[in-house]
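K.L.:
Sequence isn't available, so here's the structure alone:
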Ligand code: PHE
């Protein structure tokens, strides 16, 4: 799996105490310090966890490049055999933090699917290389920033692809009402969009639907539900040859990483007339916020406004793709290539 991957290195460790595998996938240091979130999940096999880390790390390289930040791509996966109790979880996070510290700055991390701001505070007791931890009880959650960026991306797509100047009345299906999906749903509701919500966690779904007075759809039916915009905000791999054939939306624009099962799915979406906003561009808000904050380039209270940049980048990519009559993913990939090609050579 490592030989078949275009990244630079993988750090692997088996955590005997919990039976978890730790994979730190370092994809590219061309633009700067390889940086990406730490994901914690149960995977069917350790290989599934490694594969996820490798794909997510490549996505981070593209993400940082697409927003022009001098940061490299990486991702960590804590691949669990089964869910952990609180004490076990904290132990794993501390040992993981020591592993990150031992890399001496060759990798930096932050929050991702399955980890929380509190988890970042635990990791930060063992390493300096965690973004967003101001103090033990003051950790910046990237979720709301990612959500604001996705909102700006949806507005851009509505303008360019649907000719709609505002979101009023637009039907948006939010798949997953977690750390990003819920704040996104709030932003959309505030702008008069008609929401359809879904989540595999029924309690979480009921809570969000109550709060926002939104309709819900069953998780199994979500991808075939009629809507203007489908916003995948949960796990990756939801757009496959099979699901793309059943889509009844005009735009796909959400925060999940690795939404396409394979890169050919971009052409499949294009052939069906669905405008797919590349995940690593529209979901870059959390990375952008933590990146700006970590470099002292923005004050905390101005970060939400800085997410307007995501809307600008999405607009540029959609306009370029529409002119060329190509899937937006192709225009986005060219943009990433341009930025990487212009990177100064770095000595490791
Ligand atoms: N996990 C989020 C992402 O994939 C936010 C994040 C970015 C966290 C960079 C840490 C570092 O974009």
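P.N.:
Ah, there it is. Keep in mind that this is a model prediction, so the values were computed, not measured. Numbering: from 1, shown residues only.
K.L.:
Centroid-nearest residue for the protein?
P.N.:
residue 257 (4.1 Å; C-alpha atoms, centre = their mean).
K.L.:
That one: what's it in contact with?
P.N.:
56, 59, 113, 236, 279-280, 283 (C-beta atoms under 8 Å, 6 or more residues apart in numbering). (Glycine included, C-beta is placed from N, CA and C.)
K.L.:
next one: phi and psi at it?
P.N.:
phi -80, psi 150 (degrees, to the nearest 10).
K.L.:
what do you get for residue 318?
P.N.:
Taking degrees, to the nearest 10 as the convention, residue 318 sits at phi -70, psi -40.
K.L.:
and the stretch 201-348 of the chain, which of its residues are near the ligand?
P.N.:
Contact residues (C-beta under 6 Å from any ligand atom) of the stretch 201-348 of the chain with the ligand: 257, 286-287, 290.
K.L.:
Specify which member of those residues is nearest to residue 270.
P.N.:
residue 257 (20.5 Å; C-beta to C-beta).
K.L.:
who's the closest residue to the ligand within the stretch 51-200 of the chain bridged to?
P.N.:
Going by C-beta to the nearest ligand atom, the ligand is nearest to residue 110 of the stretch 51-200 of the chain, at 2.6 Å. In this entry, residue 110 is beta-bridged to residue 37, by DSSP bridges.
K.L.:
for the chain, what spans make up the helices?
P.N.:
Residue ranges of the helices in the chain, as given by DSSP state H, are 46-66, 86-102, 117-123, 143-162, 181-190, 202-212, 241-246, 264-271, 279-282, 285-294, 303-306, 308-324, 328-341.
K.L.:
got these as TSV, with mean neighbour count columns?
P.N.:
Conversion of the helices of the chain to TSV gives the following (neighbours: other C-beta atoms under 10 Å):
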stretch	mean neighbour count
helix 46-66	24
helix 86-102	17
helix 117-123	21
helix 143-162	25
helix 181-190	22
helix 202-212	15
helix 241-246	13
helix 264-271	17
helix 279-282	28
helix 285-294	25
helix 303-306	16
helix 308-324	19
helix 328-341	18
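K.L.:
Is it possible to get CSV of these that adds mean pLDDT?
P.N.:
Listed next are the helices of the chain as CSV, based on pLDDT from 0 to 100:
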stretch, mean pLDDT
helix 46-66, 97
helix 86-102, 98
helix 117-123, 96
helix 143-162, 98
helix 181-190, 98
helix 202-212, 97
helix 241-246, 97
helix 264-271, 97
helix 279-282, 98
helix 285-294, 94
helix 303-306, 97
helix 308-324, 98
helix 328-341, 96
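K.L.:
Can you tell me the closest non-neighbouring residue to residue 329?
P.N.:
Nearest residue to residue 329, sequence neighbours excluded (C-beta to C-beta, 6 or more residues apart in numbering): residue 266, at 3.8 Å.
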